[in-house]
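# take this sequence and fold it.
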Amino acid sequence: MSVSVTFAEERLAEQAAEAAARLVAEGVPEALSNGDPALWGPDAEAEAAIRLGWLDLPLSSRRLLPQIGELVERARERGLDHVVLAGMGGSSLAPEVITTTADVPLTVLDTTDPGQVLRALRDRLDRTVLVVAS
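Next up, the predicted model:
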C-alpha cells in the first residue's frame with residue numbers, strides 16, 4: 001500500500017500550469033496581443049473592440065515620460081513630497097501593487113469615506129499632490 005500526499009500549493013501550481021498551457025494551445029496570448037475583441041465572446045465583442053487601448057499603453061505611454069518628469073520636478077520644487085492617488089478598482093489596485101513591490105511611498109485612497117479621505121490628506125496637506133485616476 002502506498003500513500004500520496006499533495007499539498008494545496010503544489011496542486012494549485014499544477015492547475016495554473018495546465019491552464020496556461022491550455023490558453024497557449026488555444027492561441028489566447030497571441031489573440032490578446034493582437035487586440036482581438038472576439039476573446040471576450042460574441043456578446044461582449046463590440047464593447048471589447050472599443051476598450052482594448054490599454055494593450056498599447058507600454059509603447060504609447062512612453063511619449064508621456066518627459067511630461068511626467070517635468071511634473072515631478074515642479075512638484076519637488078514646490079516641496080510636494082506626499083502623493084495621494086484617488087481611484088477605485090483597477091485605477092487604485094495596480095498602483096498599490098506596484099508601489100508595494102517597488103517600495104515606493106504612495107498613499108492610495110480607494111474610497112469616498114470622509115474619514116478615510118481626511119486621514120489621507122490631513123497631516124501634510126501643504127506637501128500633498130493629489131492624483132485622480134480613472
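
# what's in contact with the longest helix seen in the chain?
Among the elements of the chain assigned as helix by DSSP state H, the one spanning the most residues is helix 8-25. Outside of helix 8-25, the residues that reach it under the criterion Cβ atoms under 8 Å, 6 or more residues apart in numbering are P29. Bear in mind the C-beta positions are built from the backbone N, C-alpha and C, glycine included.

# next secondary structure after that helix?
Downstream of helix 8-25, the next assigned helix or strand under DSSP states H and E is helix 28-33.

# buried residues of that next one, list them for me.
Along helix 28-33, not one residue counts as buried under the neighbour rule (16 or more other Cβ atoms under 10 Å).

# past that helix, which element shows up next along the chain?
helix 45-49.

# for that following helix, which helices and strands make contact with it?
In this structure, helix 45-49 packs against no helix or strand, with contacts taken as 3 or more Cβ pairs under 8 Å, 6 or more residues apart in numbering; DSSP states H and E.

# downstream of that helix, the next helix or strand is which one?
Defined by DSSP H and E, the subsequent element after helix 45-49 is helix 57-60.

# so which elements touch the helix or strand that that following helix is followed by?
Downstream of helix 57-60, the first helix or strand assigned by DSSP H and E is helix 65-77. Contacting helix 65-77 under the criterion 3+ Cβ pairs under 8 Å, 6+ apart is no other helix or strand.

# and helix 65-77, C-alpha only, in PDB?
Coordinates of each C-alpha in helix 65-77 appear next as PDB, following Å, rounded to 0.1, in the frame of the first residue of the first chain:
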ATOM      1  CA  LEU A  65       7.600  60.300 -19.800                       C
ATOM      2  CA  PRO A  66       9.100  63.800 -20.500                       C
ATOM      3  CA  GLN A  67       5.900  65.500 -19.300                       C
ATOM      4  CA  ILE A  68       5.700  63.300 -16.300                       C
ATOM      5  CA  GLY A  69       9.300  64.100 -15.500                       C
ATOM      6  CA  GLU A  70       8.500  67.800 -15.700                       C
ATOM      7  CA  LEU A  71       5.600  67.400 -13.400                       C
ATOM      8  CA  VAL A  72       7.700  65.500 -10.900                       C
ATOM      9  CA  GLU A  73      10.300  68.300 -11.000                       C
ATOM     10  CA  ARG A  74       7.800  71.000 -10.500                       C
ATOM     11  CA  ALA A  75       6.200  69.200  -7.500                       C
ATOM     12  CA  ARG A  76       9.600  68.700  -5.900                       C
ATOM     13  CA  GLU A  77      10.500  72.400  -6.400                       C
END
